[in-house]
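Peer 1: Quick one, fold the following:
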Amino acid sequence: MSDLIYLASLHSIWISQKKLNKIFESNSNYKNFYEQLGYENLQPFFTSSEIEKILSKKERFDINKLSTIIVSNNIEIVTIHDVKYPKLLKQIVNSPYLFYLIWEIDNSPKIAVIGSRWMTLYWKRAIEKIVPSLTKYFTIVSWWAMWCDSEAHKQTIKSKWKTIVVVWTWIDVVYPAWNKILYDNVVTSNWGIISIFPIWEQANVYTFPIRNEIIAALSSWVLVVESWEKSGTLITVNLALEQWKDIFAIPWELFKINSMWCNNLIKNWSAKIVTNVDDIFEEYNINTLDSLENINQISFANEVEKIIYNVLLLENLDIDLLLYKTNLSLNDITVNLSMMEIKWIIKKWLNWKYEIN
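Peer 2: Got it, this is the predicted structure:
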């Protein structure tokens, strides 16, 4: 049995992501910790009443059943120590220690496409017009709520490109149930499904905003298709703004309640107006995006240069934002920026921002 099954088991018996980060900050012997679970190794992290609940849950927990479910559903357990763990996800305050993954997540640029559940024909046409063009350059991130979010996934699959579904339940729970066909299409197309919740977790008011934070964290940009006044879409937008992500919004009629907040985001300069896909492309230079296909033709001296180049492909940044976006050290950034300038790979432009030459 894989050691990671023991980690998933710890997660399933009421040990949260936050606690897992503390417990396994300097060691990752999950099997040993699980098998020796008791007051001695839990006391530094939990109160007595919490320890009693954890030990009680362990007595009733069937680790073999969990292992069978994970193996039979091809579920991968990715920890914060893994190379596959997305760098953007590490940059939020409450980075999950682990997440569950079906199929793949890669380093391609990602844009979240989000909206309210009650979609009009106007918004459906907007998604049909914009999303297929976006899929050429971006992996589409969302969750399969009915209407806006589901339609974004469907258009991406139709375009035969990459999509990632972030769910607010255990990974093999299809919620809402009417999305079973979409679930099957995502799985058979080998696109990614991600959950940070333990086995048998159902959708609830607690998991809803956490899922929204993961969507915002995984994406470099957010496209708001539609938003009601009390829509969960606004939670994702606010979280994305806190994470310094660029927001795009599609406008509509002034007096339609389901377009009010898209219009307000634009009016308050929190989002850039999008009337066609070029409004997004021009923000990052469509010619630069085209060069994503030719990145392998550039000769990089080391992996750090490649990381810097990939980030600057998508937006011009100063040193402070490069440090934030790449998670590299100041020394690595400054030394490699200088070398890349000498080789004319990048140049320094207005406001001390660097861009691809």
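Peer 1: list the contacts for the nearest residue to P86 once chain neighbours are set aside?
Peer 2: With CB to CB, 6 or more residues apart in numbering as the criterion, P86 has its nearest non-adjacent residue at 5.9 Å, and that residue is L218. No exception for glycine: its C-beta is placed from N, CA and C like everyone else's. By CB atoms under 8 Å, 6 or more residues apart in numbering, the residues touching L218 are 86, 88-89, 110, 112, 141, 164, 166, 194.
Peer 1: Try it again at 10 Å.
Peer 2: L218 is in contact with 86, 88-89, 92, 99, 105, 110, 112, 139, 141, 164, 166, 192, 194, counting by CB atoms under 10 Å, 6 or more residues apart in numbering.
Peer 1: and what of D332?
Peer 2: 302-305, 307-308, 323, 326.
Peer 1: 8 Å - rerun?
Peer 2: V304.
Peer 1: can you check T139 too?
Peer 2: 106, 108-111, 161-164.
Peer 1: Excluding chain neighbours, give the residue nearest to it in space.
Peer 2: K162 (4.2 Å).
Peer 1: ok, now Y284?
Peer 2: Using CB to CB, 6+ apart, the nearest residue to Y284 is L314, at 5.3 Å.
Peer 1: so the one you found makes contact with S220?
Peer 2: Yes. Using CB atoms under 8 Å, L314 is in contact with S220, at 6.4 Å.
Peer 1: Tell me how far the residue nearest to Y284 lies from V304.
Peer 2: Going from L314 to V304 by CB to CB, to the nearest Å gives 17 Å.
Peer 1: M340 contacts L312, doesn't it?
Peer 2: No. M340 sits out of contact with L312 when judged by CB under 8 Å, with a separation of 9.0 Å.
Peer 1: Any chance you could list residues touching both of these two?
Peer 2: With CB under 8 Å, 6+ apart as the test, M340 and L312 both reach I346.
Peer 1: what stretches of the stretch 201-350 of the chain score poorly on pLDDT?
Peer 2: 227-231, 254-259, 285-297, 349-350 (pLDDT under 70).
Peer 1: 50 instead, please
Peer 2: Low-confidence segments of the stretch 201-350 of the chain (pLDDT under 50): 288, 290-291, 293.
Peer 1: residue boundaries of the helices in it?
Peer 2: Here the stretch 201-350 of the chain has its helices, by DSSP state H, counting those that start in this stretch, at 207-218, 233-242, 260-267, 278-284, 286-290, 303-314, 319-326, 330-342.
Peer 1: now those helices in CSV, with distance to A249?
Peer 2: CSV is the format used below for these (distance: least, CB to CB, whole Å):
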stretch, distance to A249
helix 207-218, 15
helix 233-242, 9
helix 260-267, 4
helix 278-284, 10
helix 286-290, 20
helix 303-314, 19
helix 319-326, 22
helix 330-342, 32
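Peer 1: Show residues contacting the helix or strand containing I51.
Peer 2: I51 belongs to helix 48-60 when assigned by DSSP states H and E. Residues from elsewhere that reach helix 48-60, judged by CB under 8 Å, 6+ apart: 12-15, 37-39, 42-43, 46.
Peer 1: 10 Å instead?
Peer 2: 9-10, 12-15, 19, 34, 37-39, 41-43, 45-47.
Peer 1: Am I right that S150 is in a strand?
Peer 2: No. Under the criterion used here (DSSP: H, G, I helix; E, B strand; the rest coil), S150 is helix, not part of a strand.
Peer 1: show me the contacts for it.
Peer 2: 117, 119, 127, 142-144, 165, 176, 178-179, 182.
Peer 1: Show me which of these is closest to E355.
Peer 2: Using CB to CB, S142 comes nearest to E355 of those, at 29.5 Å.
Peer 1: For the closest one, list each beta-bridge partner.
Peer 2: Taking DSSP bridges as the rule, S142 bridges to V165.
Peer 1: can you map out the strands along the stretch 51-200 of the chain?
Peer 2: 75-79, 98-102, 110-114, 139-142, 163-166, 192-195 (DSSP state E, counting those that start in this stretch).
Peer 1: tell me what the first one is packed against?
Peer 2: Secondary-structure packing of strand 75-79 (3 or more CB pairs under 10 Å, 6 or more residues apart in numbering; DSSP states H and E): helix 3-12, helix 63-72, strand 98-102, strand 192-195.
Peer 1: among the ones you listed, which is nearest I80?
Peer 2: I80 lies closest to strand 98-102 among the helices and strands packed on strand 75-79, at 7.1 Å (CB to CB).
Peer 1: Which parts of the chain belong to which domain?
Peer 2: Domains of the chain are assigned by automatic domain parsing as 3-72, 110-283, 286-356.
Peer 1: and those domains, which is most packed in?
Peer 2: domain 110-283 (a mean of 19; mean count of other CB atoms under 10 Å).
Peer 1: okay, how far is it across that one, tip to tip?
Peer 2: 15 Å (CA to CA, to the nearest Å).
Peer 1: Same check on stretch 109-126?
Peer 2: 21 Å.
Peer 1: returning to what we had before: relative to I199, which of the helices of the stretch 201-350 of the chain is closest?
Peer 2: Short answer: helix 207-218, nearest of the helices of the stretch 201-350 of the chain by CB to CB, at 13.4 Å.
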